[in-house]
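Colleague: Here is my input, please return the structure:
(one chain, ligands or ions: 1)
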Amino acid sequence: MAGEILFFKGTKSHLIFLAICLVGTCLLAEAKVHNLTWEVSYQSKSLDCYKKLAIAINGETPGPTIFATEGDTIIVNVKNNLLMENLAIHWHGIRQIGTPWSDGTDGVSQCGTMPGDTFVYQFVVDKAGTYMYHSHYGMQRESGLYGLIKVAVPFGTKEPFAYYREHGIVLSDWYHSSSYEQATGLTSIPYVWIGEPQSLLINGRGKYDCANLSASVCNETNSECAPASFTVVPGRTYRFRIASLTSLSALSFQIEGHNMTVVEADGNYVEPFVTENLYIYSGETYSVLVTANQSSSSNYWITTNVVGREPSTPIGQAILNYYPNRNHKPPITTPPPGPLWNDTDARKKQSLAIKARQGYIQTPPRPEKVIVLLNTQNKVDGYTKWAINNVSHTLPETPYLIALKKNWLDVFDQTPAPEGYDYENYDIYSVQSNTNATTSSSIYRLEFNSTVDVILQNANTMTANNSETHPWHLHGHDFWVLGFGDGQYDMENADANYNLEKPIMKNTVPLHPYGWTALRFQANNPGIWLFHCHIEAHYLLGMLVMFESGSWMVSEPPQANMGCGKTKSLMHP
Ligand SMILES: O=C1O[C@H]([C@@H](O)CO)C(O)=C1O
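Modeller: Predicted structure coming up:
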């Protein structure tokens, strides 16, 4: 990616030497400070050949990849050059231990950064793996404000698998309508749904069918929409680090003629398994190993297609380039169409196949509390919303973390958020009127250091015979993925179907249609943290909850995080 070059230009590394002693040998390792300078602005782009405004970082979307080593400090000076909208950038998968003010969530950890202002994010990347960053302000992510974070294992440490080189892949979906138009439709009566995206992008490149459109609007020969190409040397094994930043779509990803061995998920090692296609949900990352073991006389298609919703989006394409073929030489074959969009069983099978790698298993403690979260689509005062236990969440004007630190009780609803629903009388298979649904800014207060089980329960939407897939993402923590099941979660037999032997830890997990997903986490990071559906439209419509724990321990709010709501009273002149 061109952005990677920009990153290096903007990097100043200060070396801090640490002595690491391994089997009697002391090696000198360096914990670096990466000081990055980013300017965020709208740019006219033709990412899928169709001209549209995109939000770029230093002119690029996806933005620059952050390369770092475990233990390094990242400082990002983000200048908001958007002119007419605020900004907040979230470092997805980075737990922000001790740095909750840098989580980059508008309404939670900070006020959005105003046009012309610069916000300085500072945090430690404390765990090797593949992560991402993206806007966490309104529906800004879908305009292209995202990128990859690659964290290498510490000097002198080896990954539990071998590979020659690596490639980074950012998957996203792309709309031709603006996020303003979409957000307006979603929050109006009548409700206007955003529909399916026009294109799927691989590293910010897609191909829209420009037939019947003037070349000034849509031009298939524009080099900006030439497919991304990933070069491999025959016989070698490569690590592909893949992140899904989609606004809506669940995806399948595959490389024509090549199997993939899944080895990492959300920064945690997976017991390796081989697959022809990888299902990946918005907010997830995976590393797969691919060996260039096919005929080297041609290139191969890399494809991604929509699953889980009836697609009307063409498949996304890129090229696996076998050296020494020309890197943009199109493969001679037709691209593989990918699995059927409605093969839900295959998706559930992959979810169940993901286990912690032997040697890297962390045993979950017993839970002290169980919270059940029913996911429903509702009407509230005629508006279409998504609700959790019949509460559709609204973020307060004043960020939660500042309100909690300052003990401002009038900022958000102090009624405890509901820890369950009336499961004996709720039929998850039918359309429910949910007449008692409300909106609220209430939170879950968890005892600091306690262990909590969360059961996500899916249900029918407001359309008959329809239940959707929701990728749920937790900020500030990884959680153990304990299990997935069909139908209504059995409260009597609680954890009968859990995988307590080798549960992987992740930060994002799918909730499958008409099913449940169980996870466990330790509330050991002081602050208040979002747990939400990673579909941007669903987040906007209230599909989120807040987990608070030990927030009194956080440091005083920095001035840079203020400027909105009640925080104005704290600002120095
Ligand atoms: O939030 C959503 O709204 C639509 C549909 O339910 C009503 O148009 C849809 O598919 C969503 O995911």
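
Colleague: Around the ligand, pick out the residues from this protein.
Modeller: Residues of the chain lying close to the ligand by C-beta under 6 Å from any ligand atom are 193, 377, 461, 463, 468, 537-538. Every C-beta, even on glycine, is put in place using the N, C-alpha and C of the backbone.

Colleague: residues contacting Phe547?
Modeller: Contacts for Phe547 (C-beta atoms under 8 Å, 6 or more residues apart in numbering) come out as 443-444, 446, 452, 474, 523, 528-529, 531.

Colleague: Recalculate using a threshold of 10 Å.
Modeller: Going by C-beta atoms under 10 Å, 6 or more residues apart in numbering, Phe547 touches 371, 417, 443-446, 452, 454, 474-477, 521, 523, 525, 527-531.

Colleague: Tell me, please, the helix or strand in this protein that averages the lowest pLDDT.
Modeller: helix 2-9 (a mean of 32; mean pLDDT, DSSP states H and E).

Colleague: Relative to the ligand, how far out is the closest residue in space to Ala152 that isn't next to it in sequence?
Modeller: Excluding its sequence neighbours, the residue lying closest to Ala152 (C-beta to C-beta, 6 or more residues apart in numbering) is Thr69, at 4.7 Å. The gap separating Thr69 from the ligand is 40 Å, by C-beta to the nearest ligand atom, to the nearest Å.

Colleague: what ranges of this structure fall below the confidence cut-off?
Modeller: Scanning the chain for pLDDT under 70 picks out 1-29, 435, 494.

Colleague: In it, what residue comes closest to the ligand?
Modeller: Nearest residue of the chain to the ligand, counting by C-beta to the nearest ligand atom: Trp193, 3.6 Å away.

Colleague: burial of the closest residue to Ile504 other than its chain neighbours, as a residue count?
Modeller: On the basis of C-beta to C-beta, 6+ apart, the spatially nearest residue to Ile504 that is not a chain neighbour turns out to be Ala356, at 4.5 Å. Other residues near Ala356 come to 23 when the count uses other C-beta atoms under 10 Å.

Colleague: I'd say Ala356 and Val481 touch.
Modeller: Yes - between Ala356 and Val481 a contact is recorded at 9.2 Å, counting by C-beta atoms under 10 Å.

Colleague: Quick check: neighbours shared by these two?
Modeller: 265, 268, 499, 503-506.

Colleague: quick one on the thing from earlier: among the residues of the chain next to the ligand, name the ones in strands.
Modeller: Gln377 (DSSP state E).

Colleague: quick one, phi psi at Glu181?
Modeller: phi -60, psi -40 (degrees, to the nearest 10).

Colleague: OK, contacts around it?
Modeller: Glu181 sits next to 175, 192, 194 when contact means C-beta under 10 Å, 6+ apart.

Colleague: From Met543, how far off is it?
Modeller: Going from Glu181 to Met543 by C-beta to C-beta, to the nearest Å gives 21 Å.

Colleague: do you know how far His512 is from Tyr423?
Modeller: From His512 across to Tyr423, the span is 18 Å (C-beta to C-beta).

Colleague: Give me the more crowded residue out of these two.
Modeller: His512 (23 against 15).

Colleague: Am I right that the more buried one is in contact with Gly483?
Modeller: No - proximity of His512 to Gly483 does not meet the contact threshold set by C-beta under 10 Å, at 11.6 Å.

Colleague: Which stretches in the stretch 101-250 of the chain count as strands?
Modeller: Using DSSP state E, counting those that start in this stretch, the strands of the stretch 101-250 of the chain run over 118-124, 129-135, 146-152, 165-174, 199-202, 229-232, 237-244, 250-255.

Colleague: Partner strands of the third one and their direction?
Modeller: In the sheet, strand 146-152 lines up against strand 66-69 (parallel), strand 129-135 (antiparallel) (DSSP bridges).

Colleague: Looking at the residues of the chain next to the ligand, spot the one nearest Gln122.
Modeller: The closest of those to Gln122 turns out to be His538 (C-beta to C-beta; 30.5 Å).

Colleague: Just list the residues touching the closest residue to the closest one other than its chain neighbours, thanks.
Modeller: Nearest non-adjacent residue to His538, counting by C-beta to C-beta, 6+ apart: Trp386, 5.0 Å away. Each residue near Trp386 by C-beta under 10 Å, 6+ apart is listed here: 375-378, 392-393, 437, 461, 468, 470, 532-533, 535, 537-544.

Colleague: Kindly report the same for Val192.
Modeller: Counting by C-beta under 10 Å, 6+ apart, Val192 makes contact with 181-182, 184-186, 384.

Colleague: let's see it at 6 Å
Modeller: When contacts are counted by C-beta atoms under 6 Å, 6 or more residues apart in numbering, Val192 touches Gly185.

Colleague: what comes into contact with stretch 99-106?
Modeller: Here stretch 99-106 makes contact (C-beta under 6 Å, 6+ apart) with 88-90, 96, 109, 112, 121-123, 136-137, 475, 527, 530, 554, 558, 561.

Colleague: what about Thr37, how many residues close to it?
Modeller: When neighbours are defined as other C-beta under 10 Å, Thr37 has 16 of them.

Colleague: Share the number of residues neighbouring the closest residue to Tyr323 other than its chain neighbours, please.
Modeller: Distances taken as C-beta to C-beta, 6+ apart put Val233 closest to Tyr323, at 5.0 Å, once the chain neighbours are dropped. Residues lying near Val233 (other C-beta under 10 Å) number 13.

Colleague: quick check: longest strand of this protein.
Modeller: Longest strand in the chain, counting by DSSP E: strand 25-45.

Colleague: That strand: partners in the sheet, and parallel or antiparallel?
Modeller: Take DSSP bridges as the rule and strand 25-45 pairs in its sheet with strand 13-22 (antiparallel), strand 52-57 (antiparallel), strand 73-80 (parallel).

Colleague: hang on, the earlier thing: the residue nearest to Ile504 contacts Lys502, correct?
Modeller: Yes - if you go by C-beta atoms under 6 Å, Ala356 and Lys502 touch, sitting 4.8 Å apart.

Colleague: Roughly how far does Cys225 sit from Asp209?
Modeller: For Cys225, the distance to Asp209 - C-beta to C-beta - is 12 Å.

Colleague: Look at these two and report which has more neighbours.
Modeller: More neighbours surround Cys225 than the other of Cys225 and Asp209, with 23 against 14 (other C-beta under 10 Å).

Colleague: so who does the spatially most central residue of the chain touch?
Modeller: Centroid-nearest residue in the chain: Gly283, 2.0 Å away (criterion: C-alpha atoms, centre = their mean). Going by C-beta under 6 Å, 6+ apart, Gly283 touches 471, 473, 508, 534.

Colleague: Please repeat the previous calculation with a cut-off of 8 Å.
Modeller: 92, 244, 471, 473, 507-508, 534.
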